[in-house]
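Enquirer: just coords:
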């Protein structure tokens, strides 16, 4: 299966510069018209832990982590996410996708009537040189390939800035707020917080692009 973006996500050594991407510290993120950019903040540390993109009824949450020099960690993380989802009453299927193996999960949620329902989510990942990039697709993009295409292309064009310092595997690579003015603090429910085995989510800062 051909991957979007002709081979990305990218390491900083593989690109000539930031181009039209937004500098978020460990990530250079491509932007498209109509995209809403949301930075997720950990309440305890006040650090940016993830970035989420909303576009046309779908969302993509992205996080970057340190990884060992000799091997990737996506296979191990997929297994942990699948176990976590299953323990909470959901389901997860390990399937081939445009970025290699991915998880299609059905996450347990509570409906407005107090009943237990399920919400689909796609977990995608890419093992780079000493880093790992994970994405979570929710909304229409979780089940509709056409709806997912634009967000997959964004994921494929992300550049990861790992840095040369020593880091333990799975250490979160530091993100920072973009330079644009006018951030607004929000407190939006997390689409994947209940099953994330790596990093908790907190309040969010939203910017419109």
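Expert: Thanks, I have the structure now. No experiment lies behind these values; they were computed from the predicted model shown.

Enquirer: what sits against residue 133?
Expert: By C-beta atoms under 8 Å, 6 or more residues apart in numbering, the contact set of residue 133 is 9, 62, 63, 64, 65, 125, 126, 155, 158, 160. Heads up, the C-betas are built off the backbone N, CA and C, glycines and all.

Enquirer: Can you redo those as JSON lines, where the extra columns are distance to residue 137?
Expert: Output for the contacts of residue 133, formatted as JSON lines (distance: C-beta to C-beta, whole Å):
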{"residue": "9", "distance to residue 137": "14"}
{"residue": "62", "distance to residue 137": "10"}
{"residue": "63", "distance to residue 137": "13"}
{"residue": "64", "distance to residue 137": "16"}
{"residue": "65", "distance to residue 137": "18"}
{"residue": "125", "distance to residue 137": "12"}
{"residue": "126", "distance to residue 137": "14"}
{"residue": "155", "distance to residue 137": "9"}
{"residue": "158", "distance to residue 137": "14"}
{"residue": "160", "distance to residue 137": "18"}
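
Enquirer: which one of these sits closest to residue 167?
Expert: Nearest to residue 167 among the contacts of residue 133: residue 65, at 8.7 Å, using C-beta to C-beta.

Enquirer: I'd say the closest one and residue 174 touch.
Expert: No: using C-beta atoms under 8 Å, residue 65 makes no contact with residue 174, being 11.1 Å away.

Enquirer: Take the contacts of residue 133 and lay them out in a markdown table including distance to residue 39 and pLDDT.
Expert: Formatted as a markdown table, the contacts of residue 133 follow (distance: C-beta to C-beta, whole Å; pLDDT from 0 to 100):
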| residue | distance to residue 39 | pLDDT |
| --- | --- | --- |
| 9 | 19 | 98 |
| 62 | 11 | 97 |
| 63 | 12 | 97 |
| 64 | 14 | 97 |
| 65 | 17 | 97 |
| 125 | 21 | 98 |
| 126 | 21 | 98 |
| 155 | 17 | 98 |
| 158 | 15 | 98 |
| 160 | 17 | 98 |
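
Enquirer: In terms of packing, which of residue 65 and residue 174 has more residues around it?
Expert: Applying other C-beta atoms under 10 Å to residue 65 and residue 174 shows that residue 65 carries more neighbours, namely 23 against 15.

Enquirer: quick one: contacts for the residue nearest to residue 23 when sequence neighbours are not counted?
Expert: Using C-beta to C-beta, 6 or more residues apart in numbering and skipping the chain neighbours, the partner closest in space to residue 23 is residue 178 (6.8 Å). Residue 178 sits next to 22, 23, 24, 37, 39, 207 when contact means C-beta under 8 Å, 6+ apart.
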